[in-house]
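Visitor: Got a predicted structure plus its sequence, pasted below:
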2 protein chains.
Amino acid sequence: MTEKDDFSLQDFLPFLLNRAAEDSSLAFQAHYKNRYGMLRNEWRVLFHLGIFGQMTAKEIGERAKIHKTKISRAVAKLAARRFVSRSRDEKDRRSEHLRLTPAGEAAYRDLRSQAQSYDAQLAQRFTPQEVALLRDMLRQLAGIEAPDSQEGEQGGD
Amino acid sequence: MTEKDDFSLQDFLPFLLNRAAEDSSLAFQAHYKNRYGMLRNEWRVLFHLGIFGQMTAKEIGERAKIHKTKISRAVAKLAARRFVSRSRDEKDRRSEHLRLTPAGEAAYRDLRSQAQSYDAQLAQRFTPQEVALLRDMLRQLAGIEAPDSQEGEQGGD
DNA sequence: AAATAATAGTTGGTTTTGTAACTAACAAGG
DNA sequence: CCTTGTTAGTTACAAAACCAACTATTATTT
């Protein structure tokens, strides 16, 4: 099984990114899956609501670049488990405002601390400068604006 | 929609990695999907065979960390489309050796060149040093040994 | 204001993945 | 050998993702 070709898959950025993403997701998945029976899109929604307090499904979808059907189903599950509450916007009755219930807040705080320590654990392998650069580059690749310049200017789907 | 919490999802490595991976995969996906009707695991298998010439399903799975059922299905599709040929190992009739047919080789060469130019396009956003560091860090996070030190010592699943 | 278009979110049917159980072939121990 | 255990790969069933069509509501056009 020796290489007959100079191309290296293990240098190809999309491959590397996917592998790193899968690997790093796996360990964190255990927390939200085992402890709260959540799926990936569910913790993402939970985190958005935990961070921003109140959002509509559309706003979450735009910020996280998650398709609306995934949001819809994630919200439905979170609402069924009483982690989020929904309230119609009376100005525009098509949309509804989502926020965490106390139980949702508790789950969020718990998972946030798991996330923080897991992130630290990953970051630990590198110097602080390296990690900062890594995050910058990943944001670049993901089309996310830098954390300080808070402008929403996306290519859209 | 202003933050009420200091935790930033856009700094959380698993989130960033996933978003960057999804985004970077999207453009490359168009090539193998539209032109060859392939799925992600199929081009991965194709590339492994293109690079290494001949492998068993197990070897591909180990190297790419893809589960054997995904390999099995990917190989089945590639074989049905006459991109790979299978031949039983006569010493151990459980396993079979896979290799690309001429059509598979052609598809591989085409996609490889797409991959190379797409990778260059991604890398272009950064300095060569930054890209080199990025690849190193991603390999670290993905549990892939450096490209020169060719040892297979994985945590296993 | 009636008709048309656009938007927020949901639902249904198909494809893909995930997981476990399965078959076939080999390996080891009694 | 003949049971028991392992390994390579496949298959089956359930869960999840994908994509398109749908409902309800608001905005725009004539």
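Guide: On my side now, so go ahead. Treat the numbers as computed from the prediction; the structure is a model and nothing was measured.
Visitor: Just to be sure, residue A:97 is in a strand?
Guide: Yes. The assignment for residue A:97 is a strand, going by DSSP: H, G, I helix; E, B strand; the rest coil.
Visitor: these two touch, right, it and residue A:57?
Guide: No. At 9.5 Å, residue A:97 does not count as touching residue A:57 under the criterion of CB atoms under 8 Å. Yep, even glycine has a C-beta here, placed from its N, CA and C like the rest.
Visitor: More neighbours: which of these two?
Guide: Neighbours per residue (other CB atoms under 10 Å in any protein chain shown) separate residue A:97 from residue A:57, with residue A:57 holding more: 20 against 15.
Visitor: The nearest residue to that one once chain neighbours are set aside and chain B, how far apart?
Guide: Among residues not flanking residue A:57 along the chain, residue A:71 sits closest, at 4.7 Å (CB to CB, 6 or more residues apart in numbering or on different chains). For residue A:71, the distance to chain B equals 15 Å [CB to the nearest CB, to the nearest Å].
Visitor: got the contact list for residue A:71?
Guide: The contact partners of residue A:71, taken as CB atoms under 8 Å, 6 or more residues apart in numbering or on different chains, are A:41, A:45, A:57, A:60-61.
Visitor: Can you tell me the closest non-neighbouring residue to residue A:63?
Guide: Counting by CB to CB, 6+ apart, residue A:63 lies nearest to residue A:48, which is 6.5 Å off, once chain neighbours are set aside.
Visitor: Verify the contact between that neighbour and residue A:64 for me.
Guide: Yes. The criterion here is CB under 8 Å, and residue A:48 meets it with residue A:64 at 6.3 Å.
Visitor: Need the residues touching each of these two.
Guide: residue B:9.
Visitor: Same drill for these two, tell me which one is more crowded.
Guide: Set residue A:48 next to residue A:64 and count neighbours by other CB under 10 Å: residue A:48 wins out with 23 against 19.
Visitor: Show me what secondary structure element comes after the helix or strand that contains the residue nearest to residue A:57.
Guide: Assigned by DSSP states H and E, residue A:71 belongs to helix A:68-80. On the C-terminal side of helix A:68-80, the nearest following helix or strand under DSSP H and E is strand A:84-88.
Visitor: Which residues of chain A lie near DNA strand C?
Guide: Counting by CB under 7 Å from any atom of the strand, the residues of chain A close to DNA strand C are A:56-58, A:61, A:68-69, A:71-73, A:75-76, A:92, A:94-96.
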